[in-house]
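Student: Predicted model and sequence below, questions to follow.
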Amino acid sequence: MSTASPVRPDAAAPPTTGWSSVRSRVGVYVALTKPRIIELLLVTTIPTMVLAADGWPSWTLLLSTLVGGAVSAGSANAFNSYLDRDIDAVMNRTKGRPLVTGAVSERNAVVFAWTLGVISTLWFWFVVGSPLATVLNLVAIFGYVVVYTMWLKRRTSQNIVWGGIAGCMPVLIGWAAVTQSLSWAPFLLFGIIFFWTPPHYWPLSMKFKRDYANADVPMLPVVATTRRVAIEMIAYSVAMVLCSLALVAVTDMTWVYVAVAGGAGVWFTAGCVRLYLRAQRDEKKLREMRLFHDSITYLSIVFAAVLVDPFLPNAWTVGLF
């Protein structure tokens with residue numbers, strides 16, 4: 001007579017094996033890199049490279065720069081996931097991330113982040129072949145991991161303003177990959193993203209204000225009134241639009257770009273004004289997530305205009321100088 005215990009119907013299923021196991025394992029490491037953020041960074045890199053080349057750069061250069069940028073951003077985001085694991089654990093929005101659930105060990109996450117960082121550096125040096133882009137890549141990783149995540153995020157309500165510099169670096173890297181130099185044009189593109197970042201991220205911070213408060217992260221919407229946040233968003237939006245229009249003075253942009261960038265800028269800034277008015281009236285529904293999504297649409301429209309502009313007839317250029 002067997003003494004073995006019967007199999008309970010609610011017993012845990014055996015671990016997944018084979019291809020599905022590999023796919024699941026790869027998936028948790030991909031999640032560490034925050035791929036949705038990487039997508040947004042690459043959206044700005046391609047138009048920048050097209051503008052720098054005044055047309056399509058070589059496909060080899062374009063693809064190699066995009067791969068290097070994705071690996072670099074993945075490294076920075078993986079470091080961020082490790083350093084912010086305590087914050088992620090107490091925020092509803094992030095408590096499902098791999099380091100919180102235990103899907104990836106802390107040691108493996110750090111090794112993975114370092115590996116991606118080393119690979120991206122070597123990639124820019126040997127494959128992209130741009131020492132300047134390599135240095136800028138290292139500055140981007142250092143800025144996001146050390147300046148933003150380790151230093152600013154938990155100390156100042158302006159954390160996302162200065163920490164957002166790292167998110168502006170892909171345009172400098174893309175320009176350097178094409179021209180092996182920098183000029184006013186990439187810095188103005190940098191300025192567009194720099195001033196765009198606060199009115200992009202603060203609406204999200206408003207939505208999840210309680211999460212950030214519980215995690216003791218002093219995002220501006222946590223420590224300031226909604227009206228003050230909205231006023232600052234309007235100011236940053238105006239500066240963003242001015243940067244986008246100033247690009248005309250240092251490039252051969254056409255009237256099409258001016259119309260698109262100006263129109264999109266007015267539209268998005270008007271959204272910030274409406275948020276301020278709703279806050280002033282103490283409305284409960286601020287529609288902050290709509291503005292968050294609108295900010296992504298705005299950036300996509302402006303950089304789409306940058307992408308298309310070099311292929312338009314020279315007769316359409318503004319010709320300031």
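Tutor: Everything's here; your move.

Student: And the helix or strand where T121 lies, what's buried?
Tutor: Assessed by DSSP states H and E, T121 sits inside helix 106-122. Buried residues in helix 106-122, defined by neighbour count with 16 or more other Cβ atoms under 10 Å: A109, F112, A113, L116, G117, I119, S120, T121. C-beta: built from backbone N, CA, C; applies to glycine.

Student: Stretch 74-94 now?
Tutor: For stretch 74-94, burial by neighbour count (16+ other Cβ under 10 Å) applies to 74-85, 87-88, 91, 94.

Student: end to end, how far does that stretch reach?
Tutor: 17 Å (Cα to Cα, to the nearest Å).

Student: per-residue confidence averaged over that stretch?
Tutor: For stretch 74-94, mean pLDDT is 95.

Student: got it, and stretch 181-192?
Tutor: Averaged over stretch 181-192, pLDDT sits at 97.

Student: what does stretch 72-86 rub up against?
Tutor: Contact partners of stretch 72-86, identified using Cβ atoms under 8 Å, 6 or more residues apart in numbering, comprise 32-35, 37-38, 41, 88, 94, 97-100, 106, 109-110, 112-117, 119-121, 124, 137, 140-141, 144-145, 149-150, 153, 166, 170, 215.

Student: ditto for stretch 212-222
Tutor: By Cβ under 8 Å, 6+ apart, stretch 212-222 touches 86-87, 90-91, 153-160, 198, 202, 205-206, 209, 228-229, 232.

Student: same deal with stretch 133-152?
Tutor: Outside of stretch 133-152, the residues within contact range by Cβ under 8 Å, 6+ apart are 65, 68-69, 72-73, 75-77, 79-80, 83-84, 117, 120-121, 124-125, 128, 158-159, 162-167, 169-170, 172-173, 176-177.

Student: Identify the residue nearest V67 in space, chain neighbours excluded?
Tutor: What sits nearest to V67 in space, not counting adjacent residues and going by Cβ to Cβ, 6 or more residues apart in numbering, is W123, at 6.9 Å.

Student: Tell me who's in contact with the one you found.
Tutor: By Cβ under 8 Å, 6+ apart, the contact list for W123 reads S64, V67, G68, V71.

Student: again, but for Y298
Tutor: Here Y298 is in contact with W196, A264, G265, W267, F268 (Cβ under 8 Å, 6+ apart).

Student: Quick one: distance of the helix or strand hosting the second one to the chain centre.
Tutor: It refers to A264. Element membership for A264 (DSSP H and E) is helix 255-280. The chain centre lies 21 Å from the centre of helix 255-280; the measure is Cα atoms, centre = their mean, to the nearest Å.

Student: Likewise for stretch 226-237?
Tutor: Offset of stretch 226-237 from its chain centre (Cα atoms, centre = their mean): 20 Å.

Student: got the contact list for it?
Tutor: With Cβ under 8 Å, 6+ apart, stretch 226-237 has contacts from 195-199, 202-203, 206, 220-221, 265, 268-269, 272-273, 275-276, 279-280, 286.

Student: any idea how far the residue lying closest to Q158 once chain neighbours are set aside is from V146?
Tutor: Excluding its sequence neighbours, the residue lying closest to Q158 (Cβ to Cβ, 6+ apart) is L220, at 7.1 Å. Separation of L220 from V146 (Cβ to Cβ, to the nearest Å): 21 Å.

Student: again with P131
Tutor: Distance of P131 to V146, given as Cβ to Cβ: 22 Å.

Student: Where does pLDDT dip in this structure?
Tutor: Within the chain, the stretches with pLDDT under 70 are 1-18, 319-321.

Student: same thing but at 90, please
Tutor: Applying pLDDT under 90 to the chain flags the ranges 1-26, 35-43, 93, 162-164, 167, 282-286, 314-321.

Student: got a list of what the residue minimising distance to the centre of it touches?
Tutor: Residue closest to the average C-alpha location in the chain (Cα atoms, centre = their mean): I37, at 4.5 Å. If you count contacts by Cβ under 8 Å, 6+ apart, I37 has them with A73, N77.

Student: in the one helix or strand it maps to, what's buried?
Tutor: Using DSSP H and E, I37 maps to helix 35-53. For helix 35-53, burial by neighbour count (16+ other Cβ under 10 Å) applies to 38, 40-53.
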